[in-house]
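1. Provide a 3D model corresponding to the input given below.
(one chain, ligands or ions: 1)
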Amino acid sequence: MQISPQELARVAAAEAPRFDMYTGIHKALRAFMADTLVAVGRMDPADPAEVAETTGRVLQLLGFCASHLEHENRFVHAAIEARAAGASDAIAHEHEEHRQHIASLGELAGILQTAGDAQRHALATTLYRELALFVADNFRHMHVEETAHNAVLWARYTDAELVAVHDALVASIPPDEMMVISRWLVPFMNPLERFHVVADMRAKAPAAAFDAMLQGVRPCLAQRDWDKLSRDLGLPA
Ligand SMILES: [Fe+2]
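-> Model prediction:
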């Protein structure tokens with residue numbers, strides 16, 4: 001269904017802000033997917049080192065996606081099903097399809113990594129096209145989660161309850177995985193979202209882990225964004 005831009009603007013302006021556990025991590029996923037897709041598109045198939053590096057990035061993205069959908073199944077879908085049985089069925093089914101797509105893309109990347117010179121060009125084009133379809137599917141899928149799933153969560157849960165669900169999800173993530181997530185999460189939000197996420201990390205993570213995270217993401221931030229973040233966090237100039 002097409003909704004007019006005027007109607008979308010009217011709804012956005014009327015919405016009271018609620019706790020939204022999808023939008024931040026989905027900005028990270030969109031950024032990681034887009035960055036990896038264009039990297040595969042410009043990869044030189046005749047350069048084995050570049051092929052190894054770029055397919056390594058594809059495999060890291062696929063690992064990120066697999067882990068993300070497990071987090072959603074285990075924490076978010078469980079919360080939806082607890083108070084609105086059946087409301088996560090369609091998206092859970094898509095997660096199954098994504099799992100299969102992730103496995104076949106991983107196999108394709110593995111074949112490309114070990115292919116001879118003669119095969120790499122065609123395989124690189126195939127990987128680029130298949131990854132593009134996966135990204136397209138995920139972009140549409142994430143939109144459904146951010147709209148339909150959030151609508152169910154907001155109707156059945158208070159913000160405090162949603163924060164508790166999200167905290168339990170984040171607490172289940174091991175530190176090394178959290179570093180990868182932060183690298184894609186923090187730089188690709190807007191400054192207000194970034195401040196809230198980083199301030200929340202500062203409140204909940206051990207100081208050494210927080211400092212390592214901040215130093216890890218700093219090179220990925222434009223100077224203007226870093227200046228705003230350090231000002232809002234009250235970091236020493
Ligand atoms: Fe999902």
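
2. what's the domain layout of this structure?
-> 20-158, 173-237 (automatic domain parsing).

3. next, format these as JSON lines and append mean neighbour count.
-> Yep, even glycine has a C-beta here, placed from its N, CA and C like the rest. Compiled in JSON lines, those are given as follows (neighbours: other C-beta atoms under 10 Å):
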{"stretch": "domain 20-158", "mean neighbour count": "16"}
{"stretch": "domain 173-237", "mean neighbour count": "15"}
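
4. reformat these as JSON lines; add distance to residue 9.
-> Output for these, formatted as JSON lines (distance: least, C-beta to C-beta, whole Å):
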{"stretch": "domain 20-158", "distance to residue 9": "15"}
{"stretch": "domain 173-237", "distance to residue 9": "18"}
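
5. out of those, which gets nearest to residue 166?
-> Of all the domains of the chain, it is domain 20-158 that lies closest to residue 166, at 4.5 Å by C-beta to C-beta.

6. how about the helices in this protein?
-> 5-14, 23-42, 48-71, 78-83, 89-114, 117-144, 150-156, 159-171, 175-185, 191-204, 207-217, 223-233 (DSSP state H).

7. which stretch in the ones you listed has the least confidence?
-> Lowest mean pLDDT of those: helix 5-14, a mean of 79.

8. for that one, name the packing helices and strands.
-> If you count contacts as 3 or more C-beta pairs under 8 Å, 6 or more residues apart in numbering; DSSP states H and E, helix 5-14 packs onto no helix or strand.

9. just how off-centre is it within its chain?
-> Here helix 5-14 shows a centroid-to-chain-centroid distance of 26 Å under the convention C-alpha atoms, centre = their mean, to the nearest Å.

10. equivalent analysis for stretch 217-235, please.
-> That offset, for stretch 217-235, works out to 21 Å (C-alpha atoms, centre = their mean).

11. ditto for stretch 125-133
-> 19 Å.

12. doesn't residue 81 make contact with residue 88?
-> Yes. At 5.8 Å, residue 88 and residue 81 qualify as touching, with contact defined as C-beta atoms under 8 Å.

13. OK, contacts around the residue most central in space within the chain?
-> By C-alpha atoms, centre = their mean, the chain has its centre lying nearest to residue 29, at 2.5 Å. Counting by C-beta atoms under 8 Å, 6 or more residues apart in numbering, residue 29 touches 64, 65, 68, 138, 142, 184.
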